[in-house]
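Trainee: no sequence for this one, just the structure:
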């Protein structure tokens, strides 16, 4: 994966490693729409969260707690959204597993709207659904 910006952090000059452990690192870009937003990635290339080894999976939690402590000190968010996008339809644009850590702030336009807000909107209703798959 010579062109992967998570395997080769130096390929994205605006990206920096903020925290890391043996298996994972937390990266932030210098320019973010949401102050403090970043991604937690595995050091070894894994296409999705479903490909993580047990050691990598177990390394995510302690690093996530360190990220939270860092964000509390540096950004003082009012809440968080945390999630993995998997596959193109799931919103994954880079084929290296990454956990989005998004601090949320009370003065945002979408404050109080969690990740379900997008998916439960009427605009997201599937056009063609086999019988019994989607309740009316």
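Mentor: Thanks, I have the structure now. Remember, it's a predicted structure, so these values are computed and weren't measured experimentally.
Trainee: phi, psi of the most centrally placed residue in the chain?
Mentor: In the chain, the residue lying closest to the centroid (CA atoms, centre = their mean) is residue 100, at 1.3 Å. Here the main-chain torsion angles of residue 100 (degrees, to the nearest 10) amount to phi -70, psi 130.
Trainee: tell me, which helix in the protein spans the most residues?
Mentor: For the chain, the helix that runs over the most residues, judged by DSSP state H, is helix 54-74.
Trainee: what's next to that helix, contact-wise?
Mentor: The contact list for helix 54-74, computed with CB atoms under 8 Å, 6 or more residues apart in numbering, reads 18-26, 36, 38, 40, 42, 44, 46, 52, 77, 80, 82, 99, 101, 103. Yep, even glycine has a C-beta here, placed from its N, CA and C like the rest.
Trainee: what residues of that helix count as buried?
Mentor: 56, 59-60, 63-64, 66-67, 70-71 (16 or more other CB atoms under 10 Å).
Trainee: rounded mean pLDDT for whichever helix or strand comes after it, please.
Mentor: Later in the chain than helix 54-74, the nearest helix or strand by DSSP states H and E is strand 79-84. Averaged over strand 79-84, pLDDT sits at 94.
Trainee: hmm, back to that, out of the buried residues of helix 54-74, which two sit at the greatest distance?
Mentor: The span of these, defined through CB to CB, is set by 56 and 71 at 21.8 Å.
Trainee: from the chain's centre, how far out does the longest helix of the chain sit?
Mentor: A distance of 12 Å separates the C-alpha centroid of helix 54-74 from that of its chain, computed with CA atoms, centre = their mean, to the nearest Å.
Trainee: now do it, average pLDDT.
Mentor: pLDDT averaged over helix 54-74 gives 97.
Trainee: ok so, going back, so the residue nearest to the centre of the chain makes contact with residue 37?
Mentor: Yes: using CB atoms under 8 Å as the test, residue 100 is close enough to residue 37 to be in contact (7.4 Å).
Trainee: quick check: neighbours shared by the two?
Mentor: Joint contacts of residue 100 and residue 37 (CB under 8 Å, 6+ apart) do not exist.
Trainee: where along the protein do the strands fall?
Mentor: For the chain, the strands defined by DSSP state E occupy 15-20, 24-29, 38-42, 79-84, 98-104.
Trainee: please consider this matter closed, and thank you.
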